[in-house]
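Asker: A predicted structure for the sequence below; I have some questions about it.
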Amino acid sequence: MGRVLVIVPTYNEADNLPPLLARLRAACPAVDVLVADDDSPDGTGKLADEIADADPHVHVLHRAGKEGLGAAYLAGFAWGLAAGYDVLVEMDGDASHQPEELPRLLTALAGGADVALGSRWVPGGRIVHWPRYRELLSRGGSAYARALLGVPVRDVTGGFRAFRRHVLEGGLLDGVASQGYCFQVDLVHRAVLAGHRVAEVPITFVERTAGDSKMSRDIVVEALWRVTLWGVAARLRRPAARRAAAQGRLEP
């Protein structure tokens, strides 16, 4: 697999980060970690520095302020690619993703996938301690994006993912401006359009037990209007692509 970097974006995750990193390092000792902290007022960045001082496999990227999940991951991807990592992994900082399941994603890459998605909505996947409205929102959002964008992925909004280096280097990130959970939809849509092989791996998603959720009305609204806009644009492009293909077949 080469060198693997797990990117963990954080904002006010002081209670969750130390045990999460301990579990991750125990589950995958050879994997490196980059904590991308958005200047957390609760001292998450300072805690990350202390852990990094004691563990050469842990690194910290201090960012100027809270700019959103997408911006944090873009910064983390840039850092990891510049440092020469072969696989870059997204993992939430609230311990909702189980570090012990990371080897499943890496096994999917070893089996030939370009992108491995930790999926809650495939057989074997499940959620723990989620309120019903959150499940309906997530399932509905994935179904809406899947239908509108034509993405053959069950869990379009999931944030536990592993990318081979060449996927992120091939222009996949050019022009990405979406934030929040919409960023996850954007990335998997781009990967599918680029022809990369995407594999879904069942995971157990556990609702956070400490700290506050970053889900907000603005994040949901952004996802809804961006996915709708992308879907409409894709549908408008299809007739033009068919006409161009037909003209090409008719040319002598």
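Answerer: That came through, no problem. Numbering: from 1, shown residues only.

Asker: Where do the strands of this structure begin and end?
Answerer: Here the chain has its strands, by DSSP state E, at 4-10, 32-37, 58-62, 87-90, 115-119, 126-128, 161-164, 198-202, 204-206.

Asker: Please name the strands paired to the second one in the sheet, noting orientation.
Answerer: Right, strand 32-37. If you go by DSSP bridges, strand 32-37 pairs up with strand 4-10 (parallel), strand 58-62 (parallel).

Asker: Let me see the contact set for residue 19.
Answerer: residue 95 (CB atoms under 8 Å, 6 or more residues apart in numbering). All C-beta atoms are positioned from the backbone trio N, CA, C, and that covers glycine.

Asker: actually residue 116, not the one I wrote
Answerer: Taking CB under 8 Å, 6+ apart as the criterion, residue 116 is in contact with 104, 105, 106, 108, 109, 161, 162, 198, 199, 200, 201.

Asker: For stretch 126-134, give me every contacting residue.
Answerer: For stretch 126-134, contacts defined as CB under 8 Å, 6+ apart pick out 120, 135, 202, 204, 205, 206, 207, 209, 215.

Asker: measure the first one to residue 97 for me?
Answerer: For residue 120, the distance to residue 97 under the criterion CB to CB, to the nearest Å works out to 10 Å.

Asker: Likewise for the second one?
Answerer: As judged by CB to CB, residue 135 and residue 97 stand 17 Å apart.

Asker: The two: who's more crowded?
Answerer: residue 97 (27 against 14; other CB atoms under 10 Å).

Asker: Just to check, the more buried one is in contact with residue 203?
Answerer: Yes: using CB atoms under 8 Å, residue 97 is in contact with residue 203, at 7.0 Å.

Asker: Which residues are in contact with each of the two?
Answerer: Common contact partners of residue 97 and residue 203 (CB under 8 Å, 6+ apart): 118, 160.

Asker: export the strands of the chain to a markdown table and tack on distance to residue 143?
Answerer: A markdown table is the format used below for the strands of the chain (distance: least, CB to CB, whole Å):
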| stretch | distance to residue 143 |
| --- | --- |
| strand 4-10 | 26 |
| strand 32-37 | 30 |
| strand 58-62 | 34 |
| strand 87-90 | 22 |
| strand 115-119 | 13 |
| strand 126-128 | 16 |
| strand 161-164 | 19 |
| strand 198-202 | 15 |
| strand 204-206 | 17 |
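
Asker: now for the ones you listed, which one comes closest to residue 150?
Answerer: strand 198-202 (13.0 Å; CB to CB).

Asker: strands paired with the closest one, and their directions?
Answerer: strand 115-119 (parallel).

Asker: what does stretch 72-85 contact?
Answerer: 2-5, 7, 9, 32, 34, 36, 38, 59, 61, 63, 88, 90, 165, 168-169, 173, 176, 183.
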